[in-house]
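give me a model of this one.
(one chain, ligands or ions: 2)
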Amino acid sequence: MNLQIQHVKKEFNHTMALADVTFAVSQGEFVSVIGPSGAGKTTLFRILNGMLPCTSGQILLDGIPFQSLHGRQKRRLQTSIATIYQDFCLVENSTCLENVLTASLPDLGFFSGVLGLYGKNREAEALQLLDRVGLLDKAEEPVKNLSGGQKQRAAIARALMRHPGILLADEPVASLDPVTGRQILELLRSIHETEGVTILMNSHNLEFSREFSQRLIGLRDGKIVFDGKTTELTEEI
Ligand code: ADP
Ligand code: ADP
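Ligands and ions are numbered 1, 2, ... in the order given. Modelled structure (predicted):
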């Protein structure tokens with residue numbers, strides 16, 4: 001799935017968190033957004049996952065302006081963007097499997113309930129995804145008993161349950177130690193390569209961004225100050 005962000009602005013009271021941000025991400029890219037604290041990275045990600053409206057500008061998904069859609073069409077497009085977060089955002093008292101099953105899916109309407117088949121297939125798929133992220137043996141374990149790395153793996157399985165066209169990774173390894181963080185990024189890279197999902201990552205760890213993404217977008221004071229291949233970045237953002 002490709003993504004176009006056109007002249008997006010976001011103003012909070014008197015702060016211009018994003019000032020005329022324009023860039024496009026093609027199907028299958030692995031892009032990192034980098035920049036100092038306060039640059040606007042979180043704001044950009046919140047706008048992209050639909051949690052925050054922008055003040056002006058537009059976002060197109062596969063050429064379709066997101067804001068123009070309503071109802072089921074909008075939900076369908078919304079579920080094609082999945083997010084993983086720094087603090088995982090899992091339900092701690094529920095099991096891994098239950099968390100993966102809570103992923104919101106496109107509305108299939110009446111047929112989704114027929115004979116409960118949809119439910120059975122979903123559970124089989126959730127178990128398959130837990131296996132994919134190396135957590136099959138923890139399927140019935142409450143999330144609160146897992147390590148940070150295992151929690152992020154469960155969150156990745158939940159995101160994949162939506163068959164996302166775009167995976168937003170908002171500081172995915174910021175609360176993990178470097179060794180565990182690297183393992184999570186290796187898992188994301190493998191998903192990027194095998195599933196072909198477009199990944200947009202936000203990280204303040206420049207070393208990881210350089211190593212795992214092919215392109216960097218540098219934000220400072222809500223403006224794009226760099227957009228190019230990882231190898232082309234020479235100065236500090
Ligand atoms: P980053 O994620 O790069 O650290 P943010 O997107 O969190 O940057 O913040 C960008 C700017 O917008 C900062 O100046 C921040 O203080 C401001 N900001 C973010 N969220 C809000 C909010 N809810 N209300 C007011 N100002 C905000
Ligand atoms: P991050 O660690 O991702 O950079 P922040 O610490 O910038 O996140 O923001 C944490 C929360 O505080 C967010 O909900 C953000 O919207 C809010 N926030 C950030 N800056 C401000 C601000 N200047 N005024 C009000 N809320 C803010």
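
what packs against the host helix or strand of residue 201?
For residue 201, the host element (DSSP states H and E) is strand 198-202. Of the remaining helices and strands, those touching strand 198-202 by 3 or more C-beta pairs under 8 Å, 6 or more residues apart in numbering; DSSP states H and E are strand 30-34, helix 41-48, strand 166-170, helix 178-195. Quick note: C-beta positions are derived from backbone N, CA and C, even for glycine.

who touches that strand?
When contacts are taken as C-beta atoms under 8 Å, 6 or more residues apart in numbering, the neighbours of strand 198-202 outside the stretch itself are 1-3, 25-33, 41-42, 44-45, 48, 165-172, 188, 191-192, 209, 212-213.

where in this protein is pLDDT low?
Low-confidence segments of the chain, defined by pLDDT under 70, span residues 104-119.

show me which residues of it sit near ligand 1.
Taking C-beta under 6 Å from any ligand atom as the measure of proximity, the chain contacts ligand 1 at 12, 15, 17, 35, 37-43.

coming back round to it: save the helices and strands packed on strand 198-202 as a markdown table, and put in mean neighbour count too.
Formatted as a markdown table, those follow (neighbours: other C-beta atoms under 10 Å):
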| stretch | mean neighbour count |
| --- | --- |
| strand 30-34 | 24 |
| helix 41-48 | 22 |
| strand 166-170 | 25 |
| helix 178-195 | 16 |
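
which one of those lies nearest to residue 134?
Set against residue 134 and scored by C-beta to C-beta, the helices and strands packed on strand 198-202 come closest in helix 178-195, at 7.8 Å.

fine by me, we can end here.
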